[in-house]
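# Fold the following, please.
(2 chains)
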Amino acid sequence: MISKNLTAASTKPIILGILKQGNSYGYLIIKKVKELSGGSMEWSDGMLYPVLHRLEKDKLIQSKWTMSDNARPRKYYRITEAGKKALAEEKKQWLQINAVLNEIWDIKTSRIL
Amino acid sequence: MFDLDQSIKEWLKLFRRHPAFGHGSVQEMEVHLRDHIDDLISAGKGEKEAFELAVSEFGEIRPMAEEEFENLRRKSRFISISHSSLFYNYLKSATRNIKKHKLFSFINLLGLTMGLTIVLLIGLFVSDELSFDQFHAKKDRIYRVVENQYYEGQEVFPVAVTPTGLGPALVETYPEVLNQTRVSREVYTFELGEKKIRERGGVMVDATFFEILSYPLLRGDLEKFDKHLNSLILCEAMAEKYFPDEDPIGKTISLSGEEYIIYGILKDIPRNSHLQFKYATNFKKYVSENSDRANNFSTNWLYTYVEVVEDHQLDSLNSKVEHTIKDNNEGSVTDIYFQPVPEIYLGTVDFVVETNTKGEMLYVKVFSMVAIFILLISCINFMNLSTARSTNRAKEVGLRKTIGANRTQLIFQFLSESILLSLIAMVFAVIIATLMLPSFNEITHKEMEINSLIGSDLGLKLFLGLLISALITGLIAGSYPAMYLSSIQPTQILSSQVVIVKKRFGLRRTLVVLQFMISVSLIIGTIVVYQQLDYIRNMDIGFNKENIIYLDVTRKKARLFAAEMGGKPGVVSVGLSNRHPAYILSSSSGFQWPGKDLEKKFLMHYMSMDENYFPTMEMRMVEGRNFFHTDTLVVIINERALAMMDLENPIGKKLYGAYDDSVAATIVGVVKDFNFKSVHTPVEPLLVFKGGPESLGMVFIKYENEARESIKGTIDGVYKDVFPDGDLNFYFLDDDFDELYEAEEATGKLSGYFAAFAILISCLGLFGLVSYAAEQRVREIGIRKVYGASVRNLFILQAYDFIRLVVLSLLFSIPIGWYAMSDWLENYAYRVDLSIWVFMGSALIAILISILTVSYQTIRSALRNPADAIRSI
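Predicted structure coming up:
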């Protein structure tokens, strides 16, 4: 199980990443996260929404209520240009951390050997 | 039995309990939950189980609400309000409001638009007046030299013209004075090929003129102009007139019979220059003709301009140069000082021989005040109507508050609404001002353009000023409903059926009084201006200016021409003189008479004429006789001169200095005072000499009224006989007088319009308030009617409240009007008395107009069927 802090920190890149693949609405986003993490990330569904709203407030994503005849009205979210930039920045940072961790663990392994 | 919908509803209530969730986000949660439940059900779960699972996976609401509240707190900053979709809602409710109350919105918009339009127009006028002579590159250090002359029996006598020797003496004596130019006005007859035209608007200048003042030379050579004596510089328009298809530089043209060579083309003189001219000749020529001329310090006849060092103190410089004329001309009574060139046009000193282009600082000030007042009136309207109507919107405020609008948002809403309206008015005002500009230009004799406002520095300030005043108007008009209404508890508004809003009528009453105070003052002003104008036009100026044509002819044949004209049909009489009766500007202090105090200097104006001049002008003798044809060495004095000379029995007394210092002239008559200058100045002492043969060149022809059309042909015929080579130009004397009072005429018209606008805007406001009051009292009126009140009673009941305010305003406006107008009349040597009837009349006009305004609404509401009024909720 992934820790709470780490989950919270990764929410932003995860949501932006999902929205980059296509517009989506809250329930679908959650479903996707659960699928991808195989249930290892413990999110309470509700906590997604304040994050979405904050991202919208920061102009990283935009929302729009969409009506269709045979389904419920849904609030779709779309990533903005600013959002894409923020995502690229997040990605860079996560990869840097990843690289550092990889290095550390690699060195350790080699010393032992 | 498990009810899914009911359970979801209960669950959603948990959100609504928390202020962080708006309607939108609650719905978003609902959709989420339903989607989740649907998925779980299709995976085989029961409804109840699916609901419980979905809710538990959704998690605790409280931490979520706290997170959401963090977002909301960041959201309530100003920027986010304006960006949020709420703004569109404000716009929507604003437009709805405007549509719903068409009359009020119309009145509001109309009043403000009119006010702003007037302010724009006046702003244009003022900025144009202030722009005069600002184009001179050296404007901070160029001055015109002017004189103060001091004589017995009169106050200081200010003169704008100076002697020939003064300019060079200033440069020579004072190192601070770098450069000087002399400018005299000239008229030449231009002759080129077929063309032979008498051209007014010439100047004779030193070549330094073009260095000191910024009249840029387009082409040509100033050095050549300076070097040669018969040199000429033309303005573009003149060059175009005489040399339409060729380059005039180096060409020769005849000026009054002498050949001149053109050495330069000047850009046409800007309209906002106090000095207007069409061509320039070299001043050197004048000096070269007689060596005595250069050192003359006694004849004041030309304008002197100087350029001084950049770093100078005007006051100390003035005290230095003050006695330059006295230093060079013993016994002179003349002091000089430097007048800044940009201050000439709006100067307040009434100089003798001032340039033709002269503005009035007084009008600039008065109109600026009027602009501010009218803007104030229309802003008051806007505020009054907005605040009066605001009570109608209490319910809207209540509703908005209930749904969750906070105070900041409400204030923002009301402000944006009124600011929006005032900005719309601003746009309309710019459009209307543009449309009205041509007629406004006609009245003011200007050629202003609306974009000159945007171009100039002052214009920019005015624009910004207007924008700010529109914003302030919007702010004040919007702030009352915004502050006051937003403070009301929604329960208080919504619980009672009848909206009870505390009445704040006191402020509005004060403002209405203020409005009418200003309007009535303006009406008083207009009436007095018109009276004074009428008085000037019809006052006894000592002669009859009607039906007189005058022309300049060659002196040699003037008598012959006059004699020929005299016998023609339609001609009453023909007189000769050397001066226009409204511009007798020659004066001297060199006259002596028995009993004169030799220590004292007396300034006398003088002119010459023949024996037919007085009868032609219908000037009357009060003592003695008119000239005889055979008279020589005789003089006639006016009443003012008689008083000044202090002679007991003037007829037969001698006067020296008139024809020749050694020969005495005999006083044969005293003529009744006639105005020979504008009525701004009182009649001054005048000596009239008998003109010798061939000394008078100005012919005055009095014609019968019926001959008004035929006289021109008659003159033309005789003129061609007598002067086969001449070109005829004649003028009507009464036109000149109209021109003399052009400024008063324009002021009269403008203040009339302004007063009309002011009272109109005030009445618009009054109309709005009365309508509003009538609307509020519909049921009261209905009930009163049911109980037997007559239409008359009801009218009085409603009208009394407002008419009372108008009457109250009279208490203030009458003293203000009296004070301001007696101040204005001080400008005139001859003026009307301020009569009580002016004030009574103005008061009556104001009361009548306001009664008229009030009666439409009050009578309408009084006539309504009471049943309708009482039934309607």
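# Could you use CA atoms for every contact and neighbour count after this?
OK.
# what residues are up against the residue of chain B found nearest chain A?
Residue of chain B nearest chain A, by CA to the nearest CA: residue B:58 (4.2 Å). Taking CA atoms under 8 Å, 6 or more residues apart in numbering or on different chains, we find residue B:58 in contact with A:44-47, B:33.
# Quick one: the strands in chain A, in order.
A:24-25, A:61-68, A:71-79 (DSSP state E).
# tell me the most buried of those strands?
When the strands of chain A are scored by mean count of other CA atoms under 10 Å in any protein chain shown, the highest mean neighbour count falls to strand A:24-25 (a mean of 20).
# what about that one and chain B, any contact?
No - Strand A:24-25 is not in contact with chain B by CA under 8 Å from any CA of the partner chain; minimum separation 8.8 Å.
# Counting by contacts, list what that strand packs against.
strand A:71-79 (3 or more CA pairs under 8 Å, 6 or more residues apart in numbering or on different chains; DSSP states H and E).
# before we move on, back to that, can I get the strands of chain A in JSON lines with mean pLDDT?
Putting these into JSON lines (pLDDT from 0 to 100) gives the following:
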{"stretch": "strand A:24-25", "mean pLDDT": "89"}
{"stretch": "strand A:61-68", "mean pLDDT": "84"}
{"stretch": "strand A:71-79", "mean pLDDT": "86"}
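# Quick one: residues contacting residue B:754.
So residue B:754 contacts B:118, B:370, B:522 (CA under 8 Å, 6+ apart).
# Tell me how many other residues crowd the first one.
Here the number of neighbours of residue B:118 (other CA atoms under 10 Å in any protein chain shown) works out to 25.
# My read is that residue B:378 contacts residue B:119, right?
No - if you go by CA atoms under 8 Å, residue B:378 and residue B:119 don't touch, sitting 10.7 Å apart.
# Settle it for me: which of those two has more neighbours?
residue B:378 (28 against 24).
# Which residues of chain A lie near chain B?
A:26-27, A:44-47, A:50, A:53-54, A:57, A:72-75.
# Drop anything exposed from these.
A:26-27, A:44-47, A:50, A:53-54, A:57, A:74-75 (16 or more other CA atoms under 10 Å in any protein chain shown).
# re the thing from before, let's have the residues of chain A next to chain B in TSV, adding distance to residue A:16.
Below are the residues of chain A next to chain B laid out as TSV (distance: CA to CA, whole Å):
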residue	distance to residue A:16
A:26	12
A:27	15
A:44	18
A:45	17
A:46	17
A:47	16
A:50	14
A:53	13
A:54	12
A:57	14
A:72	24
A:73	22
A:74	18
A:75	16
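# how many neighbours does residue B:805 have?
18.
# and it, what helix or strand is that in?
If you go by DSSP states H and E, residue B:805 is part of helix B:791-825.
# now the following helix or strand past that helix and helix B:791-825, what's the angle there?
Using DSSP H and E, the helix or strand that follows helix B:791-825 in sequence is helix B:836-863. Interaxial angle of helix B:836-863 relative to helix B:791-825 (axes from the mean of the first three to the mean of the last three CA atoms, to 10 degrees): 150 degrees.
# tell me which strands and helices the helix or strand just after helix B:836-863 is in contact with?
Next along the chain after helix B:836-863, taking DSSP H and E as the criterion, comes helix B:866-871. With contacts taken as 3+ CA pairs under 8 Å, 6+ apart, helix B:866-871 sits against helix B:778-786.
# So what touches the helix it packs on?
Residues contacting helix B:778-786 (CA under 8 Å, 6+ apart): B:794, B:861-862, B:864-867, B:869-870.
# List, one by one, the residues from chain B near chain A.
B:28-29, B:31-32, B:35-36, B:57-61, B:64-65, B:67-68, B:71, B:75.
# mind running it again at 7 Å?
B:28, B:31-32, B:57-59, B:64, B:67-68, B:71 (CA under 7 Å from any CA of the partner chain).
# Could you identify the most distant pair in the residues you listed?
Pairwise distances across the residues of chain B next to chain A peak at 22.8 Å for B:57 and B:71 (criterion: CA to CA).
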